[in-house]
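J.: fold the stuff below for me.
(4 chains)
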Protein chains: 2
Amino acid sequence: MNTDLLLQHISKHISLTGEEEDILKSVLHSKKIKKKHFLLQEGEVNKTATFVTSGILRIYSIDKNGFEHILQFAPPGWWIGDMKSAITQQPATLNIDAIEDTEIIWISKEDLEKLYAAVPKFERFFRILAENSIASYQQRLVNNLSLSAAERYDNFCKLYPSLVQNLPQKQVASYIGVTPEFLSKMLSNLSEKK
Amino acid sequence: MNTDLLLQHISKHISLTGEEEDILKSVLHSKKIKKKHFLLQEGEVNKTATFVTSGILRIYSIDKNGFEHILQFAPPGWWIGDMKSAITQQPATLNIDAIEDTEIIWISKEDLEKLYAAVPKFERFFRILAENSIASYQQRLVNNLSLSAAERYDNFCKLYPSLVQNLPQKQVASYIGVTPEFLSKMLSNLSEKK
DNA sequence: CGCGACGTTGATTTGCCTCAACGATTGTGG
DNA sequence: CCACAATCGTTGAGGCAAATCAACGTCGCG
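T.: Modelled structure (predicted):
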């Protein structure tokens, strides 16, 4: 298991002794998820904290008409999960699958509680992580409420330049909240204006 | 200062000794905010954690055309803040003001750090708080991406029945993401169908 | 090779917005 | 306590951004 990226990510917010690092490593597991395969499906319970080390995951809901709405992409270095299900241990309403072959590191909810007990510093780490996540959800909401589709697209490109290159266009459309057809027309209008 | 509601709220997630409670109380301040007055304005830095004990606050952005978009209401028992500004200590892009006369308890960022150092349990408390907040932002985003205006209104009424009673209709419109005119028409259509 | 996912383009529809005018209610200063 | 302004909700006419539906070309992959 390649824990380099995870340890590097953690060390940005808290510093661990060798011993604490060992405790952490004792609860880590790794897993590979093939393209289009699920890490979590609506109805299952989200029982782990998940960190992406390679590839890309996405988390999305499926509405009553069968359309997907992407909440977040998780490239390497990102955490992902259905938070409501993780907290309540009730069935998830969100789905997580792999856009390309992906590797993750995961920690079970039980082990995470043990980790908090053994090394309280991790409470701090995940607090900081969660607060950063709130900040980006607040921003995302503001954007959805106040920007036009073209502006949301622009914003997405600036925020995730590397993702835009690697994602099918319809995934970007689903993230910014428009139909694939509309995004296609928007982009062709945009390029002919130049 | 009336700390009952706050202590009760905290005790749902962690339990404090008498001594720890005293340490907490030593960093608490209270403040009254009159209706329509600001707690935080775009451009200022969010330097405190804020807990509402009476009244209602709202947090919102103002777009380039001058329209307000409400991210959250905070009735008694809720925390509120511009998370990005609180983390980075950069100027806020969000505004917080009082919908009615309101009382809050606040903790400065510096004191909060001291509190974390003195009583690490509070890292846990705010981690749990933040994770719950993420869960509701995820749900809010799903709703905004997948529901019609009427469905979002319905949802809001079910989620915050007491708020719907006490808020001016235009505030609800701003929260669910429609114009006041449209919400008005929606509601009159809805009632004539019955 | 052939199938299925993806992107494109066009015609049409629609959910929601804009602008404007008008009562009703609230609140505030004289 | 009244007069006036400000805010709020309502209603209507018209407009626009984005959705819908359908048809078609293309490419990557099994």
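
J.: with adjacent residues omitted, what lies nearest to A:F126?
T.: Computed as C-beta to C-beta, 6 or more residues apart in numbering or on different chains, the closest residue to A:F126 that is not its neighbour in sequence is B:R127, at 5.3 Å. Placement of C-beta: from N, CA and C, glycine included.

J.: please name the residues that touch that neighbour.
T.: A:123-124, A:126-127, A:130 (C-beta atoms under 8 Å, 6 or more residues apart in numbering or on different chains).

J.: angle of the biggest helix by length in chain A against helix B:121-146?
T.: Ordering each helix of chain A by length in residues (DSSP state H) puts helix A:121-146 first. Helix A:121-146 and helix B:121-146 are oriented at 30 degrees to each other (axes from the mean of the first three to the mean of the last three C-alpha atoms, to 10 degrees).

J.: following helix A:121-146, which helix or strand shows up next?
T.: Helices and strands here follow DSSP states H and E; after helix A:121-146, the next one along the chain is helix A:149-159.

J.: quick one: contacts of that next one?
T.: A:143-144, A:147, A:163-164, A:172, A:175-178, A:182-183, A:186, A:190.

J.: please see if it touches DNA strand C.
T.: No: legend: contact between helix A:149-159 and DNA strand C by C-beta under 7 Å from any atom of the strand is lacking; minimum distance shown is 12.1 Å.

J.: near DNA strand D, anything from that helix?
T.: Yes: applying C-beta under 7 Å from any atom of the strand, one finds helix A:149-159 in contact with DNA strand D at A:149-150.

J.: flag every buried residue along stretch A:103-112.
T.: A:103-107, A:111-112 (16 or more other C-beta atoms under 10 Å in any protein chain shown).

J.: would you turn those into TSV with distance to A:A92, secondary structure and pLDDT?
T.: Putting these into TSV (distance: C-beta to C-beta, whole Å; DSSP: H, G, I helix; E, B strand; the rest coil; pLDDT from 0 to 100) gives the following:
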residue	distance to A:A92	secondary structure	pLDDT
A:E103	22	strand	95
A:I104	16	strand	97
A:I105	20	strand	98
A:W106	15	strand	98
A:I107	17	strand	98
A:D111	20	helix	98
A:L112	17	helix	98
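
J.: now those in a markdown table, with distance to chain B?
T.: Compiled in a markdown table, the buried residues of stretch A:103-112 are given as follows (distance: C-beta to the nearest C-beta, whole Å):
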| residue | distance to chain B |
| --- | --- |
| A:E103 | 24 |
| A:I104 | 19 |
| A:I105 | 19 |
| A:W106 | 17 |
| A:I107 | 14 |
| A:D111 | 16 |
| A:L112 | 11 |
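
J.: hang on, the earlier thing: buried by neighbour count, from the contacts of helix A:149-159: which ones?
T.: For the contacts of helix A:149-159, buried by 16+ other C-beta under 10 Å: A:143-144, A:147, A:163, A:172, A:175-178, A:183, A:186.

J.: just for chain A, where's the confidence low?
T.: Filtered on pLDDT under 70, chain A yields the residue ranges A:192-194.
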